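# sharing a sequence plus its predicted fold:
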Amino acid sequence: MKVSVICTLKNEESSVRNLIESLLSQSRKPNEIVIVDGGSTDHIIENVNSYVRRDVTPVTLIVREGVNIVEGRNIAIRNARYNYIASIDGGCRADKHWLQNLLKPFEEDPSTDVVAGFFLPDPRSKYEEVVGELLYPKLERMSVERFLPSGRSIAFKKKCWREVSGYPEWLYTGEDTLFDLKLRERGYNFTFAKDAIVYWRPRDSLYGLFKQYFLYARGGVEAGITSMVAFEAYGKNVIGYLLFYSSRYYLSLIKEKKFYI
């Protein structure tokens, strides 16, 4: 069983080496890595090319100026050699056993068509830790049978991608959710691999965070996604987080005798 790992990048110079190194050091090596760059203006192309020239896992770099992440993902898959595709995003790094755990369901049950991996926050500050707690899905708060995988941690048979006409390129965001829903409508078999973990750093500013979720919301509207299945893994976090920290705060007041019950 051979697998192509695909990724799209643009101006990810600060994180691209962590991403590629995490893929090259997998316990189950990818048979190839296909990267599409959307026209970076930093030094990312030179960084990726340093891996292309190495005599290790084949790394292919395709530069397509002006393409968005969705177009780039389709280009990468179209140029992938193998029938199993594993997808990860820029700004991420894969756990050492990510690919092994992501492919295991295919090996155990050939009828599996899509494997949903998972992702966790990779914070570098207290602010980013809070963002991760609030806005990243929690295993204990979601239905694993209904979870829709992100493009940053998913594997599927290439024929499934082809039969739903790939990722919808007319969407700037929300394309992976619509892709998942189309696969479900076709009746493809989904499996959840909770141990197939990718680490993704939260946005490091309120402006970046607002812009990110504004674009997510706009993408959902443009795609006509009305099913709450797409969002149920996230919404419960706010309540859980606020309850936990408000309780801890009031307990500290009681301990300091500033609040009485």
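Sure, I can see it.

# now do the contacts for the most centrally placed residue in the chain.
The centre of the chain sits closest to Arg152, judged by Cα atoms, centre = their mean, with a distance of 1.9 Å. Listed by Cβ atoms under 8 Å, 6 or more residues apart in numbering, the contact partners of Arg152 are Ser87, Ile88, Asp89, Cys92, Phe119, Val198, Trp200. All C-beta atoms are positioned from the backbone trio N, CA, C, and that covers glycine.

# for the chain, give me the ranges with low pLDDT.
By pLDDT under 70, the low-scoring segments of the chain are 55, 141, 207-261.

# do that again at 50, thanks
In the predicted model of the chain, residues 228-230, 246, 249-250, 258-261 satisfy pLDDT under 50.

# give me the buried positions along the longest strand seen in it.
Looking across the chain with DSSP state E, the single longest strand is strand 190-200. Judged by neighbour count using 16 or more other Cβ atoms under 10 Å, the buried positions of strand 190-200 are Phe190, Thr191, Phe192, Ala193, Ala196, Ile197, Val198, Tyr199, Trp200.

# do stretch 72-83 as well
Gly72, Arg73, Asn74, Ile75, Ala76, Ile77, Ala80, Tyr82.

# sort out for me which of those are in helices.
If you go by DSSP state H, these have Gly72, Arg73, Asn74, Ile75, Ala76, Ile77 in helices.

# distance to Trp161 added to those residues, as TSV?
Listed next are these as TSV, based on distance: Cβ to Cβ, whole Å:
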residue	distance to Trp161
Gly72	14
Arg73	9
Asn74	8
Ile75	12
Ala76	11
Ile77	6
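
# send me stretch 102-109 as CSV with only the CA atoms.
Extracted C-alpha coordinates of stretch 102-109, given in CSV (Å, rounded to 0.1, in the frame of the first residue of the first chain):
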residue,chain,number,x,y,z
LEU,A,102,-4.1,7.3,9.6
LEU,A,103,-3.5,4.4,7.2
LYS,A,104,-4.2,1.6,9.7
PRO,A,105,-8.0,1.5,9.0
PHE,A,106,-7.4,1.0,5.3
GLU,A,107,-5.1,-2.0,6.0
GLU,A,108,-7.6,-3.5,8.5
ASP,A,109,-10.7,-3.0,6.4
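
# the chain should start at 472 in everything you say after this.
Noted, 472 is the first residue going forward, which turns the last one into stretch 573-580.

# list the buried residues of that stretch.
So, applying 16+ other Cβ under 10 Å, buried residues of stretch 573-580: Leu573, Leu574, Lys575, Pro576, Phe577.

# how about the buried residues of stretch 543-554, which pair is most distant?
For these, the farthest-apart pair by Cβ to Cβ is Gly543 and Tyr553; their separation is 18.4 Å.

# burial measure for the closest residue to Glu542 other than its chain neighbours, as a count.
Closest residue to Glu542 apart from its sequence neighbours, by Cβ to Cβ, 6 or more residues apart in numbering: Glu640 at 5.0 Å. Neighbour count for Glu640, taken as other Cβ atoms under 10 Å: 17.

# before we go further, Glu640 is sitting in a strand, right?
No: Glu640 is assigned coil when assessed by DSSP: H, G, I helix; E, B strand; the rest coil, not a strand.

# what sits against it?
Here Glu640 is in contact with Asn539, Val541, Glu542, Asn545, Glu646 (criterion: Cβ under 8 Å, 6+ apart).

# can you map out the helices along the stretch 472-621 of the chain?
Under the criterion DSSP state H, counting those that start in this stretch, the stretch 472-621 of the chain contains helices at 487-495, 515-523, 540-549, 569-579, 597-606.

# got JSON lines for those helices, with distance to Leu652 too?
Formatted as JSON lines, the helices of the stretch 472-621 of the chain follow (distance: least, Cβ to Cβ, whole Å):
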{"stretch": "helix 487-495", "distance to Leu652": "27"}
{"stretch": "helix 515-523", "distance to Leu652": "32"}
{"stretch": "helix 540-549", "distance to Leu652": "15"}
{"stretch": "helix 569-579", "distance to Leu652": "20"}
{"stretch": "helix 597-606", "distance to Leu652": "21"}
